[in-house]
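1. This is a predicted model, with the sequence first.
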Amino acid sequence: QKEVEQDPGPLSVPEGAIVSLNCTYSNSAFQYFMWYRQYSRKGPELLMYTYSSGNKEDGRFTAQVDKSSKYISLFIRDSQPSDSATYLCAMSAVNFNKFYFGSGTKLNVKP
Amino acid sequence: ETGVTQSPTHLIKTRGQQVTLRCSSQSGHNTVSWYQQALGQGPQFIFQYYREEENGRGNFPPRFSGLQFPNYSSELNVNALELDDSALYLCASSGGTGAHNEQFFGPGTRLTVL
């Protein structure tokens, strides 16, 4: 079983839609949960991170962590064509000496 | 503030050769992590260097080795290249004046092994 599972998509939505991206994990030691955006042929870009359980909001983006279910989500409101990219979840324990990434979900927002 | 840079951008090698990839960390960061990203996959953690010492390692064989220098730049060395080593190699810097979980990635080096 992989440490982090993520639906690869692709996910295609119309402009303005609410997008939900999800990851599940198996290691209960994970405490930090990150979301990255990666455009084609570029390095990943950190969008936001959450420590332990709870919600965090940043503009159109909301990250949620449910540690009891080992399930994390990223919501994108009012999606734009510029949001079209691959979204990667990542996790680490508190010592930060190893990071685990999901396989990425490819998102396409149609104008 | 200078971001993370990597060199070279692209590289073509043949099976059995050795390769060295380079990474300059973002100003103020003292930790560098290296990742291998195969096409259509997420980054796989290779190892991390903190203050010139290996600080964590993923499931990669010993022919993947690294160094970190006093200025916190880093090298990834891969010996006895195999076809499956073809991938995008990413480095990410963190720590120091920044948070350890906030990794900033370089653009990557695309390695092709023939």
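-> Structure's in. What do you need?

2. rest of the way, CA atoms for contacts and neighbours
-> Fine.

3. near chain A at all, stretch B:90-104?
-> Yes: in this structure, stretch B:90-104 sits against chain A according to Cα under 8 Å from any Cα of the partner chain; the contacting residues are B:90, B:100, B:101, B:102, B:103, B:104.

4. which two in these are spaced the farthest apart?
-> Between all members of the residues of stretch B:90-104 next to chain A, the longest pairwise span (Cα to Cα) is found for B:90 and B:100 and amounts to 17.0 Å.

5. Of the two, which one has the most company?
-> Under the criterion of other Cα atoms under 10 Å in any protein chain shown, the comparison of residue B:90 against residue B:100 puts residue B:90 first, with 28 against 17.

6. Look up how far residue B:109 lies from that one.
-> Taking Cα to Cα, to the nearest Å as the criterion, residue B:90 is separated from residue B:109 by 7 Å.

7. try residue B:50
-> Using Cα to Cα, we find residue B:50 at a distance of 21 Å from residue B:109.

8. Give me the more crowded residue out of these two.
-> For the pair residue B:50 and residue B:109, the greater number of neighbours falls to residue B:109 (25 against 20), based on other Cα under 10 Å.

9. So that one sits against residue B:10, correct?
-> Yes: Residue B:109 is within contact range of residue B:10, at 5.5 Å (criterion: Cα atoms under 8 Å).

10. Around chain B, pick out the residues from chain A.
-> Counting by Cα under 8 Å from any Cα, chain A sits next to chain B at A:32, A:41-46, A:49, A:88, A:92, A:96-104.

11. repeat that for 10 Å
-> Taking Cα under 10 Å from any Cα of the partner chain as the measure of proximity, chain A contacts chain B at A:6, A:8, A:32-34, A:36, A:41-51, A:86-106.

12. For residue A:65, give the beta-bridge partners.
-> According to DSSP bridges, the partner residues bridging residue A:65 are residue A:54, residue A:72.
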